[in-house]
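Student: Pasting a predicted model and its sequence here:
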Amino acid sequence: MLKGKILKGIGGFYYVLDENKIIHECKAAGRFRKEGVTPLPGDNVIFVPEGDSYGFIEQIEDRINLLTRPRVANVDMVAIVVSAGKPNIDRILCDKLLVSFIKSNITPLMVINKIDTVDAEQIEGIKLEYEKACNTVCVSAKTGEGLGELKMLLQDKCTCFAGQSAAGKSTLLNALFSELDLETGGMSKKTARGKHTTRHAELLLPRDFEGTAVDTPGFSFFDNTDLLPEDLYKYYPDIEPYSHACKYPSCIHTVEPQCSVKDALEQGLINKSRYDRYVTLLNELKEKRQRQYD
Ligand SMILES: Nc1nc2c(ncn2[C@@H]2O[C@H](COP(=O)(O)OP(=O)(O)OP(=O)(O)O)[C@@H](O)[C@H]2O)c(=O)[nH]1
Ligand SMILES: [Mg+2]
Ligand SMILES: [Zn+2]
C-alpha cells in the first residue's frame, strides 16, 4: 500500500502522485462505485501499486472540504478568475460562488485579469464592487502586471482556479509558472463566450514553488442548494457587519422598517450593485423554496 494524491481523473483513470513524486495510473476499487463515491483531484488516497506506475485506489482519506463546482477536494483557497474586459463578468455567478465558498469556510480570492484591455476607471469599478467581500488582485497574464502579488498570495496553499471559460485561468497559470504549458483558447466570435478549452480539473505542482494550483474547466451555471433565504446575508462579508443593529432579529434587509443594512446602503457603505444582486438572489431562493412546497 502507498499513499498518494490524485492529480486528475480522466475516463475512469486516476493519476496519483506518490510520496516519491512518481505518478501512477490507477483504477478505483469497484466498491467506490457501489457506494456512490467518486475519487476527485486533490483527494489523498491509499493505493496498491502494480508494477512501477500502475495501481488500484483502495481508500480515500477524509476530505477537509469539497468544492462542488468545480469538483475538487481539499483546497485552501479558491481564485475566482474574472476578465476585466471580454468575456463580460457574470456577476450573479460570482456572487453565488462567493456565497458558496464563504459558507464552506474556503477563502475566496477575486482575480481580476486582462487589466491590459480596459482603462483604469473600469478596473477600479470592478475592484470597488468586490473589495469588501473578499481579497482582490488585479492582474494581466499578458503584460505580467500584478503577477508577483498573485504569486505571493498562492504561496503555501492549494488554490483552485475557478470561473467562466476564457477568463484566463490557464493563461494565468502559464504566466505564473512557465514550465506548465497548459492549453489555452480564445473566445467564440459568435457567442462572445469562451470555448471551454480546459476539459479536466488538474492539480498542478509548479517547480520551485511551495504551493499547488488546480486548473479547472470554465463553467457558467451554479446553484446554491441547501441555502435558506433568511441566511443568505450571513455569507456577504460586505453586508453582514451592518445587520446587527436592525430592529427586527429576523430582518433580511429588504422592506423591513429600521433596517441598519438599508441605512448603510444609503450612506454608500455597501456597494449598491452587490446589494441589488443580493435581493435578486434572495428572491431566487424564496421562489425555489416556494416551489418545494407547491
Ligand atoms: N489581453 C489579454 N488576454 C488574455 C489575458 N489572459 C488570457 N487572455 C486570453 O484569453 C483567452 C482565454 O484564455 P484561457 O487561459 O484559455 O481561459 P480559461 O479561463 O483557461 O478558459 P477555459 O479553459 O475554457 O475555462 C486566450 O485567448 C488568452 O490569450 C490577459 O491578461 N490579457
Ligand atoms: Mg483553461
Ligand atoms: Zn435589516
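Tutor: Received the coordinates, thanks. Everything quoted here is computed from the prediction, not taken from an experiment. Ligands and ions are numbered 1, 2, ... in the order given.

Student: For residue 285, which residues are in contact?
Tutor: 224, 227, 228, 229, 232 (Cβ atoms under 8 Å, 6 or more residues apart in numbering). C-betas here are computed from N, CA, C, even on glycine.

Student: burial count for the residue in the stretch 51-200 of the chain that ligand 3 sits nearest to?
Tutor: Closest approach between the stretch 51-200 of the chain and ligand 3, counting by Cβ to the ion: residue 132, at 17.2 Å. By other Cβ atoms under 10 Å, the residues close to residue 132 number 16.

Student: Leaving out chain neighbours, which residue sits closest to it?
Tutor: For residue 132, ignoring the flanking residues on the chain, the nearest one in space by Cβ to Cβ, 6 or more residues apart in numbering is residue 238 at 3.7 Å.

Student: So that neighbour lies in a strand, does it not?
Tutor: No: according to DSSP: H, G, I helix; E, B strand; the rest coil, residue 238 belongs to no strand; its state is coil.

Student: on that earlier part again, pull out the buried members of the contacts of residue 285.
Tutor: 224, 227, 229, 232 (16 or more other Cβ atoms under 10 Å).

Student: Three-state assignment for the first one, please.
Tutor: For residue 224, the reduced secondary structure class is coil; criterion used: three-state DSSP.

Student: Is it correct that it is in contact with residue 99?
Tutor: Yes: with contact defined as Cβ atoms under 8 Å, residue 224 reaches residue 99; the gap is 5.9 Å.

Student: does residue 41 really touch residue 73, like I thought?
Tutor: Yes: using Cβ under 8 Å, residue 41 is in contact with residue 73, at 7.1 Å.

Student: Okay, and the closest residue to residue 229 other than its chain neighbours sits in which element?
Tutor: Once flanking residues are discounted, residue 229 sits nearest to residue 285: 4.1 Å by Cβ to Cβ, 6+ apart. Element membership for residue 285, per DSSP states H and E: helix 272-293.

Student: looking at this, residue 152 is in a helix?
Tutor: Yes: Residue 152: assigned to a helix according to three-state DSSP.

Student: Let me know how buried it is, in neighbour terms.
Tutor: Residue 152: 9 neighbours (other Cβ under 10 Å).

Student: Could I get the pLDDT score of it?
Tutor: pLDDT, residue 152: 98.

Student: Kindly format the C-alpha coordinates of stretch 256-269 as PDB.
Tutor: Taking C-alpha atoms only, stretch 256-269 is exported to PDB below (Å, rounded to 0.1, in the frame of the first residue of the first chain):
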ATOM      1  CA  GLU A 256     -38.400  45.800   6.900                       C
ATOM      2  CA  PRO A 257     -38.500  49.100   8.900                       C
ATOM      3  CA  GLN A 258     -35.500  50.400  10.800                       C
ATOM      4  CA  CYS A 259     -33.100  48.200   8.900                       C
ATOM      5  CA  SER A 260     -29.400  49.200   9.500                       C
ATOM      6  CA  VAL A 261     -28.300  47.500   6.300                       C
ATOM      7  CA  LYS A 262     -30.500  49.800   4.300                       C
ATOM      8  CA  ASP A 263     -29.200  52.700   6.300                       C
ATOM      9  CA  ALA A 264     -25.600  51.600   5.400                       C
ATOM     10  CA  LEU A 265     -26.600  51.200   1.800                       C
ATOM     11  CA  GLU A 266     -28.000  54.800   1.700                       C
ATOM     12  CA  GLN A 267     -24.800  56.100   3.300                       C
ATOM     13  CA  GLY A 268     -22.800  54.400   0.500                       C
ATOM     14  CA  LEU A 269     -21.100  51.900   2.900                       C
END
